[in-house]
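1. Next one to model:
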Amino acid sequence: MLAKGNFHRAWDDYNRAIETDPTNAYAYLCRGHAAAQRYALDEAIADYNAAIRIDPNFKAAYRYRDRAQEGKNAVWWGRITGAFSGVVALAILFAAFRAYRSPTALSHSVECHFKRTADGRLLFYPRLAGTGYVVPDAQREEALRVFARRDGAASLVSGIVGIIILIALAPIILSLTSWLVRAAGISRAAIIPIGSIAELSLLFGGLFTAFSLWRRAATRGLVETDEKQEALSSSEWFNALLLDMPITIRCILAMVAIFVLYQSLAGLWRMRDRLSLAGIQGISFYGWWYVAMDLTVLYCFGSFLAEGVRRWRSTRTSSATERSD
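-> As a prediction, this is how the structure comes out:
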């Protein structure tokens, strides 16, 4: 039952085994593992301690106990992360509401959608890159600027809504995966990634379709141009985003970025023993997944902070030059 992912049934089985033989250290270890998989970490640690009392040389019990303790610490940090995430979500929703209502919000980001050609034509690029459209008059230009601003606001909201949808669907996905594990005999290590990928694909596919239809409606009746626009560089995109952010939002995001970077570094530090030549073969699929996620977060948020610092230093240098002149 433990191998099939039915941890509740496995816990009952090992509980009966312990009642039959209270000196069975292996049964305590397995029951502790079943409890840990149900996130009953205090129960798991108690069982690992019982196994160690019976057999002080039981290395696996020490190893699993350390992992359970790390899990308890992760839960504590997870609560802090949740609090930070809540603050960020509120900040993003506030920024989206402000962008939707204020005609001057996201002005730099909106400007990235437009390009003036040498012959005086104004082109509009709904996706910032690729196919552009000729803007016929000032009235249509104003309508497209309103669309670009509200498209940016909706993109901010869609990130929060997407996370809420994923959380809301989590119990359904967990129930479905548990049923497939029992009914089809598929391992839990295989079915959870498949279910997660399917859920993400459905969500992002729906958002992509919705935004594509909205952009097509905004450009209906416009003439396409042969002049393609290349995608913005990360520096250009980030500069426009920073310039559109209120200083309060910038400070909040900087604090969250530092916190997330610390958590990723701590996660990689906890994995240091298993990343050795001796322990690398014992890393599970989830272990590799967490390593990949930590490295991705380090790259993305590290780039975010580095670009922010570069922008801040550039602004200070420009201000100092202006004062000296």
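
2. what is the mean pLDDT for the helix or strand that contains residue 298?
-> Element membership of residue 298, judged by DSSP states H and E, is helix 285-324. If you average the pLDDT over helix 285-324, you get 69.

3. Same question for stretch 67-81.
-> Per-residue scores along stretch 67-81 average to 73.

4. do the same with stretch 18-34
-> The model assigns stretch 18-34 a mean pLDDT of 84.

5. With stretch 221-229 instead?
-> Mean pLDDT, computed over stretch 221-229, is 87.

6. Show which residues not belonging to that stretch make contact with it.
-> Under the contact criterion CB atoms under 8 Å, 6 or more residues apart in numbering, stretch 221-229 has outside partners 115, 117, 121, 123-125, 128-136, 140. In short, each C-beta sits where N, CA and C put it, glycine included.

7. Which member of those is positioned nearest residue 71?
-> residue 128 (42.1 Å; CB to CB).

8. where's the closest one relative to residue 171, distance?
-> To residue 171, residue 128 is 37 Å away according to CB to CB, to the nearest Å.

9. Between those two, tell me which one has more neighbours.
-> When neighbours are counted by other CB atoms under 10 Å, residue 128 and residue 171 differ, and residue 128 comes out ahead with 16 against 9.

10. Isn't the more buried one up against residue 232?
-> Yes: the pair residue 128 / residue 232 is scored as a contact, 5.9 Å apart, by CB atoms under 8 Å.

11. Overlap in contacts, the two.
-> Here residue 128 and residue 232 have residue 112 as joint contacts, going by CB under 8 Å, 6+ apart.

12. which SS class is residue 227?
-> Of the three states, residue 227 takes strand under DSSP: H, G, I helix; E, B strand; the rest coil.

13. ok, it - how many residues close by?
-> If we define neighbours as other CB under 10 Å, then residue 227 has 13 of them.

14. Please apply the same query to residue 261.
-> Using other CB under 10 Å, the number of residues around residue 261 comes to 18.

15. So which bits of the host helix or strand of it are buried?
-> Using DSSP H and E, residue 261 sits in helix 247-270. Residues of helix 247-270 classed as buried: 249-250, 252-253, 256-257, 260-261, 263-264, 267-268, 270 (neighbour count, 16 or more other CB atoms under 10 Å).

16. right, and out of the residues you listed, which lies closest to residue 27?
-> For the buried residues of helix 247-270, the closest approach to residue 27 (CB to CB) belongs to residue 270, at 27.9 Å.

17. Model confidence for the closest one, exactly?
-> 68.

18. Then residue 114?
-> For residue 114, the model assigns a pLDDT of 91.

19. need the longest helix for this protein.
-> helix 138-184 (DSSP state H).

20. That helix: what's the following helix or strand?
-> Trace forward from helix 138-184 with DSSP H and E and the next one is helix 188-218.

21. Show me what the helix or strand hosting residue 115 is in contact with.
-> According to DSSP H and E, residue 115 maps onto strand 114-116. Applying CB under 8 Å, 6+ apart, the contact partners of strand 114-116 are 122-125, 132, 135, 141, 144-145, 227, 229.

22. got it, and stretch 131-142?
-> 114-115, 121-126, 144, 219, 222-225, 227-229.

23. try it again with 10 Å
-> The contact list for stretch 131-142 (CB atoms under 10 Å, 6 or more residues apart in numbering) reads 103, 113-117, 121-126, 143-145, 218-229.

24. Also stretch 43-63?
-> 11, 14-15, 18, 22-38, 40, 64-69, 71-72, 273, 282.

25. Of these, grab the buried ones for ChimeraX.
-> This is the ChimeraX syntax for the buried subset of the contacts of stretch 43-63, where burial follows 16+ other CB under 10 Å:
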select :11,14,18,24,25,26,27,28,29,30,31,32,33,34,35,36,37,40,64,65,67,68
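
26. Can you give me the buried ones in stretch 301-315?
-> For stretch 301-315, the neighbour count (16+ other CB under 10 Å) marks 301, 304, 307-308, 311 as buried.

27. can you give me how far it is from the chain middle?
-> Distance, stretch centre to chain centre, for stretch 301-315: 21 Å (CA atoms, centre = their mean, to the nearest Å).

28. And stretch 33-52, by the same measure?
-> So, by CA atoms, centre = their mean, the centroid of stretch 33-52 is 29 Å from its chain's centroid.

29. how long is it from one end to the other?
-> Criterion CA to CA, to the nearest Å; first-to-last residue distance in stretch 33-52 is 14 Å.

30. Narrow the contacts of stretch 131-142 to those that are buried.
-> When neighbours are counted using 16+ other CB under 10 Å, these contain these buried positions: 113-114, 122-126, 144-145, 218-219, 222, 225, 229.
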